[in-house]
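Visitor: Predicted coordinates and the sequence they were generated for:
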Amino acid sequence: MEKRKFGKTGMEFSVLGFGGAEIGYNVNQTQAEVDELLNSALDAGLNVIDTAAAYKVSEELIGKAISNRRKDFYLLTKCGALDAFTRFDWTKKGILETIETSLKNLKTDYLDLAQLHSCSAEILRQGDCIEGLQRAVEKGYTRFIGYSGDNEDAKTAIEMDVFDALQTSVSVADQTPITGNIPLAKEKGLGIIAKRPIANAVWRHKEKPSESYHHEYWDRIQKLRFDFTGKGLEEATATALRFTLSIDGVNTMIVGTTKPQRWQENAKYVAEGNLSSDEFEAIRNRWREVGGDDWVGMT
């Protein structure tokens with residue numbers, strides 16, 4: 001699988017990475033299933049695993065599944081948000097304690113990237129959470145630090161010149177960062193992680209999904225009516241994934257799933273490489289024609 005240099009860090013990330021939210025929130029997920037899922041991901045050439053302290057049991061499942069293969073992948077997690085986003089601790093002490101717990105859960109001595117989990121610009125400016133991350137670097141808990149978030153909060157984080165990475169939502173249904181935060185982050189030398197790169201594949205649903213998490217993207221896709229979304233699930237997903245892959249500055253895309261076979265499918269899609277310039281611009285032009293001014297990044 002193609003690998004790209006991750007900003008100024010010196011790391012080389014596979015263009016496809018694993019996102020740990022779904023396994024953490026899936027109450028029916030077994031450890032055996034996660035073992036198969038993650039090992040198949042690594043076997044398919046992925047070398048990026050991203051999770052968060054807020055994703056319920058995600059860190060524990062990942063630690064048990066692949067800590068014995070620690071040298072095979074880069075390990076990323078997020079802090080600040082806790083207990084499925086019902087509790088938050090942005091203090092220096094809280095950040096350090098959360099990272100210490102994450103290390104135990106993930107069964108590792110260090111992280112490759114510790115990220116603040118979508119805190120506000122106001123909290124960033126207070127500086128305590130950033131001091132916590134910097135102290136974590138000094139203690140050897142993490143090699144690099146990053147910010148995960150969107151819109152003006154993410155812009156504030158980028159402009160502070162303290163982070164090594166930005167994780168942000170960008171996809172066919174979330175294109176505002178393409179001319180905003182992504183080029184700004186690239187100019188600053190940050191590694192860039194695309195989250196929700198296939199817009200939750202909402203074209204799978206003929207009717208509006210019951211989960212509110214999918215509603216905004218579903219509504220946008222109904223209005224955008226891209227040609228590719230009517231060409232079957234596989235082609236639509238491949239085109240959407242390759243669109244995000246084609247965005248200048250994106251180093252890796254984080255995709256969550258509970259199905260082991262999905263990695264072989266997604267690896268096949270990204271092996272096709274970037275979209276042609278005509279295909280890419282057709283999707284961009286449709287966004288420019290239809291996208292509303294309020295279609296901001298979805299955290």
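Guide: Thanks, I have the structure now.

Visitor: contacts, neighbours, all on C-alpha from now
Guide: OK.

Visitor: OK, contacts around the closest residue in space to P197 that isn't next to it in sequence?
Guide: Leaving aside its chain neighbours, P197 sits nearest to S171 (4.8 Å; criterion: Cα to Cα, 6 or more residues apart in numbering). Residues in contact with S171 (Cα atoms under 8 Å, 6 or more residues apart in numbering) are 196-199, 240-241, 243-244.

Visitor: Ramachandran angles for S171?
Guide: Backbone torsions for S171, taken as degrees, to the nearest 10, come to phi -170, psi -170.

Visitor: and if you look at D109?
Guide: Torsion angles, degrees, to the nearest 10, at D109: phi -90, psi -20.

Visitor: okay, now it: neighbour count?
Guide: For D109, the number of neighbouring residues by other Cα atoms under 10 Å comes to 13.

Visitor: Apart from its neighbours in sequence, what residue is nearest it?
Guide: L103 (6.3 Å).

Visitor: Next: S169.
Guide: Nearest to S169 is K195, by Cα to Cα, 6+ apart, at 4.7 Å.

Visitor: Pick out the lowest-pLDDT one from the contacts of S171.
Guide: Within the contacts of S171, pLDDT reaches its minimum at A199, with 88.

Visitor: didn't that one look like it was pressed against Q175?
Guide: No: the criterion here is Cα atoms under 8 Å, and A199 misses it with Q175 at 10.6 Å.

Visitor: Looking at these two, which has the bigger crowd around it?
Guide: Taking other Cα under 10 Å, A199 and Q175 do not tie; A199 has more neighbours (24 against 21).

Visitor: gap between that one and A157?
Guide: 23 Å (Cα to Cα, to the nearest Å).

Visitor: With Y25 instead?
Guide: As judged by Cα to Cα, Y25 and A157 stand 28 Å apart.

Visitor: Of these two, give the one with the bigger neighbour count.
Guide: Legend: neighbour count by other Cα under 10 Å for Y25 and A157, higher for A157 (26 against 15).

Visitor: which residues does the more buried one contact?
Guide: Contacts of A157 by Cα under 8 Å, 6+ apart are 121, 124, 147, 163.

Visitor: rewinding a little: using CSV, lay out the contacts of S171 together with secondary structure and distance to G256.
Guide: Compiled in CSV, the contacts of S171 are given as follows (DSSP: H, G, I helix; E, B strand; the rest coil; distance: Cα to Cα, whole Å):
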residue, secondary structure, distance to G256
R196, coil, 8
P197, coil, 10
I198, coil, 10
A199, helix, 11
A240, helix, 15
L241, helix, 13
F243, helix, 17
T244, helix, 15
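
Visitor: can you pull the buried residues of stretch 142-149?
Guide: With burial defined by 16 or more other Cα atoms under 10 Å, the residues of stretch 142-149 counted as buried are 142-149.

Visitor: ditto for stretch 48-62
Guide: Those would be 48-62, for stretch 48-62 by 16+ other Cα under 10 Å.

Visitor: and the residues you listed, which of them are in helices?
Guide: Filtering the buried residues of stretch 48-62 for membership in helices, criterion DSSP state H, returns 58-62.

Visitor: Just give me the closest of the residues you listed to L224.
Guide: S58 (33.7 Å; Cα to Cα).

Visitor: Isn't that closest one up against T51?
Guide: Yes: the criterion here is Cα under 8 Å, and S58 meets it with T51 at 6.8 Å.

Visitor: joint contacts of those two?
Guide: 20-21.

Visitor: Would you mind listing where the stretch 1-150 of the chain has pLDDT under the threshold?
Guide: Within the stretch 1-150 of the chain, no stretch has pLDDT under 70.

Visitor: Pretty sure the residue nearest to D109 sits against L111.
Guide: Yes: between L103 and L111 there is a contact at 7.4 Å, judged by Cα under 8 Å.

Visitor: before we move on, back to that, count the neighbours of the residue nearest to S169 for me.
Guide: Other residues close to K195 by other Cα under 10 Å number 26.

Visitor: and it, what is it in contact with?
Guide: Counted by Cα under 8 Å, 6+ apart, K195 has contacts 167-170, 253-255.

Visitor: For it, list each beta-bridge partner.
Guide: The partner list for K195 in beta bridges (DSSP bridges) reads S169, I254.

Visitor: Now the phi/psi pair for the closest residue to G19 other than its chain neighbours, please.
Guide: Nearest residue to G19 in three dimensions, chain neighbours excluded: G256, at 4.4 Å (Cα to Cα, 6+ apart). For G256, the backbone dihedrals (degrees, to the nearest 10) come out as phi -100, psi 140.

Visitor: how close does G256 get to Y217?
Guide: 16 Å.
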